[in-house]
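[1] Next come a sequence and a model predicted from it.
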Amino acid sequence: MSELELPEVETETQPETQLDRDDHLRPEFVRAVLDAVEDGDDEAARALVEPLHPADIADLFELTPQEDRAALARAVTDLLGGDVFAEMNDYVREDLIDALEPHQVADLASELDTDDAVAIIEDMDEDEQRAVLRALDPDDRAAIEEALSYAEESAGRLMQRELIAVPEHWTVGDAIDYLRGHEELTTDFWEIFVVDPAHKPIGTCQLSWMLRTPRGIAIADVMKREQTLIPVDMDQEEVALRFQKYALISAAVVDHGGRLVGMITVDDIVHIISEEAGEDTLRLAGAGDGDINEPIRLTVRTRFTWLVVNLGTAMVASSVVGLFQGTIASFALLAVLMPIVSGMGGNAGTQTLAVVVRALATNQLTSSNTARMIGREFRIAAANGVMLGALIGCGTYVIFHNLNLSIVIAAAMLTNNLTAGLSGVLVPVTLDKFRIDPAVSSAVFVTTMTDTMGFFSFLGLASLWGLHG
C-alpha cells in the first residue's frame, strides 16, 4: 500500500527573525524596521511590520525610542488601526495620539468597543476630548460620553456597551434569527443576556446551549437564572476579584436602577489583574507607576516625594540613637551591631507587610479573620525572633567573647521581630479601615517602627544592662 500523499497547504507563518521563543520582538528586527524608516524607505518598513499581530505592533512602538516614534507612525500609518492603539502602553499611546488630528482619533475610536475607545480618549486634554467627540457619530459619542461620566477605574469605565439582550418570551429560534438578521450587532460575545420588560437582567444563555437546543424551546427554559451582576460604580479591582472567585467569562453591568447597561469580559479582567498586582508592588516601594515609558520628570517627582518622606522617618529613628550617645561612647561596639537589629526588623516587617497587603487586595483578609491573622503573624515573628536572636547571640559571643552583649542583642532581635510582625499587620489593616490604600502608605510607617524599635530596644537594653567597654 502506498503512502497517502497529502497536498501541500500554504500556511501563513511569521519569519523567524521577528519573534524569539518568548514571543518578544528580536532586537535585530526592531533595528531593521527603524533603519528602513531612517533611510526613508517606508515601503520596506511596512513590509516588515505588516505580518505582525496588533499586539506586536504595539510592542514595536514601545521598543522604539520616543524621538523616533512619530517617524515610525508616519511610515506605517495604514497599519495603525484601533486594535493596535488598544494594545499600546498608555504613555506611548498618549504620545502618538497627541500627534493626530481629532478626526483621526475619532476614526480610531469608532473602530473599537466602547471600553477601548474610552481608554484612548480619557487621558486627552478637555479641549481635545470635545473636538474628538464632536467628530464621532452621535451614537458613538453618546456611549463614550456616558462612560466618561463614571469614575476612573470603575465598572462603568471598564464595561462595553456592545452586547446581545433578548426578552424572556422569545424561543431559541427567535434569538438565532435575530442574531443572523441584524448585521449591526456585535460579533464578539460568549453569552446572551435575557431581560425583562424593564430591561433588567434575569438570566443568561450561553451560545453553546443555544446551538444544542431545538428552535422551539423557550429561552426562559434553557437560560441560567443565577448570575453575577456588577454595579456600574464598583471598583475595577473588586470586579476582577468577582471574575476570579466565580470563574466568569463575562458579566452584566447594571445601573442604580438594576437595568442592564453593559458587560465586562474576561479579556479586560486579565489586564486589570496584571495592572493591579504590579501597581501594589510598586506602591509599596514608593516607585509610582514604575512604567519604563513614564516621562523622567514625572518619575523623579514621584520618587523624590517618597524619598523625602523616608528621609523624615530616618531622622526620627536617628533621634532615638541620639538619646543613647553616652552609652554608645562608652561601648563603641554598639554602633557596629545596632544596624543589624534594625535592618533585620525592617526585612521581617516588609515580608509581613507584603503578605497582608496582598491578602487585603484579594479579599483573603477581612474583619472576620483579622484577629486570627494577627495571632498567626505574632507566632511567626516570635519563632523567627527566637531563632535569629539565638543565631546573632552565638555569633556575637564567638566574635567578641562578651556574654552580656550577646544576651542584649539576642533580646533586641526578638523584640524587634515581634514589633515587625505586629506592625506589618496592624498598619495596613488600620489604613484599610480608614479607606486609605495600604499599598501606598504602609511601608513608611512599618519601616519607621522597626528602625525606631530596633535602635531603642538594643541601645535601651544595653544601657539598662550597663554595658561598657
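    Here it is on my side, so go on. Numbering: from 1, shown residues only.
[2] after the lowest-mean-pLDDT helix or strand in the chain, next one along is what?
    For the chain, counting by mean pLDDT, DSSP states H and E, helix 266-285 ranks last in confidence among helices and strands (a mean of 75). Note on helix 266-285: by DSSP states H and E, the next helix or strand toward the C-terminus is helix 296-322.
[3] roughly how far is the helix or strand immediately after that following helix in the chain from the heart of the chain?
    Downstream of helix 296-322, the first helix or strand assigned by DSSP H and E is helix 325-330. Mean-position distance between helix 325-330 and its chain equals 48 Å (C-alpha atoms, centre = their mean, to the nearest Å).
[4] and what of stretch 210-227?
    Distance, centroid of stretch 210-227 to centroid of chain: 37 Å (C-alpha atoms, centre = their mean).
[5] swap in stretch 338-356?
    Distance, stretch centre to chain centre, for stretch 338-356: 25 Å (C-alpha atoms, centre = their mean).
[6] List the contacts of that stretch.
    Contacts of stretch 338-356 from elsewhere in the structure, counted by C-beta atoms under 8 Å, 6 or more residues apart in numbering, are 284, 317, 321, 365, 373, 377, 380-381, 384, 388, 392, 409, 412-413, 416-417, 419-421, 423-425, 427-429, 438, 442-443, 446-447, 449-451, 453-455, 457-459. (Glycine included, C-beta is placed from N, CA and C.)
[7] tell me the mean pLDDT for it?
    Averaged across stretch 338-356, the pLDDT comes to 93.
[8] Only the C-alpha atoms, please, for it, written as PDB.
    Provided in PDB are the C-alpha atoms of stretch 338-356 (Å, rounded to 0.1, in the frame of the first residue of the first chain):
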ATOM      1  CA  MET A 338      22.800  48.200  66.100                       C
ATOM      2  CA  PRO A 339      22.200  48.400  62.200                       C
ATOM      3  CA  ILE A 340      21.900  44.600  62.200                       C
ATOM      4  CA  VAL A 341      18.900  44.700  64.600                       C
ATOM      5  CA  SER A 342      17.100  47.500  62.800                       C
ATOM      6  CA  GLY A 343      17.900  46.100  59.400                       C
ATOM      7  CA  MET A 344      16.600  42.600  60.200                       C
ATOM      8  CA  GLY A 345      13.500  44.100  61.700                       C
ATOM      9  CA  GLY A 346      12.800  46.100  58.600                       C
ATOM     10  CA  ASN A 347      13.200  42.900  56.400                       C
ATOM     11  CA  ALA A 348      10.800  41.000  58.600                       C
ATOM     12  CA  GLY A 349       8.300  43.800  58.600                       C
ATOM     13  CA  THR A 350       8.500  44.000  54.800                       C
ATOM     14  CA  GLN A 351       7.800  40.300  54.500                       C
ATOM     15  CA  THR A 352       4.700  40.500  56.700                       C
ATOM     16  CA  LEU A 353       3.500  43.700  55.000                       C
ATOM     17  CA  ALA A 354       3.700  42.100  51.500                       C
ATOM     18  CA  VAL A 355       1.600  39.200  52.700                       C
ATOM     19  CA  VAL A 356      -1.000  41.400  54.400                       C
END
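[9] Contact partners for T450?
    T450 neighbours (C-beta under 8 Å, 6+ apart): 342, 345-346, 348-349, 416, 419-420, 423.
[10] now it, nearest residue through space, not along the chain?
    G345 (3.7 Å; C-beta to C-beta, 6 or more residues apart in numbering).
[11] in whichever strand or helix holds the one you found, what counts as buried?
    Take DSSP H and E as the rule and G345 turns out to sit in helix 333-361. For helix 333-361, the neighbour count (16 or more other C-beta atoms under 10 Å) marks 333-334, 337-338, 340-342, 344-346, 348-361 as buried.
[12] Against which helices or strands is the helix or strand just after it packed?
    For helix 333-361, the following helix or strand on the C-terminal side (DSSP H and E) is helix 370-400. The helices and strands touching helix 370-400, judged by 3 or more C-beta pairs under 8 Å, 6 or more residues apart in numbering; DSSP states H and E, are helix 333-361, helix 403-433.
[13] Measure how helix 370-400 sits relative to helix 403-433, angle-wise.
    For helix 370-400 against helix 403-433, the angle by axes from the mean of the first three to the mean of the last three C-alpha atoms, to 10 degrees is 150 degrees.
[14] Could you quantify the relative orientation of helix 370-400 and helix 333-361 as an angle?
    Using the same axes, to 10 degrees: helix 370-400 against helix 333-361 is 160 degrees.
[15] Can you give me the distance of the residue most central in space within the chain to A119?
    The residue lying closest to the centre of the chain (C-alpha atoms, centre = their mean) is E275, at 1.7 Å. Distance of E275 to A119, given as C-beta to C-beta, to the nearest Å: 12 Å.
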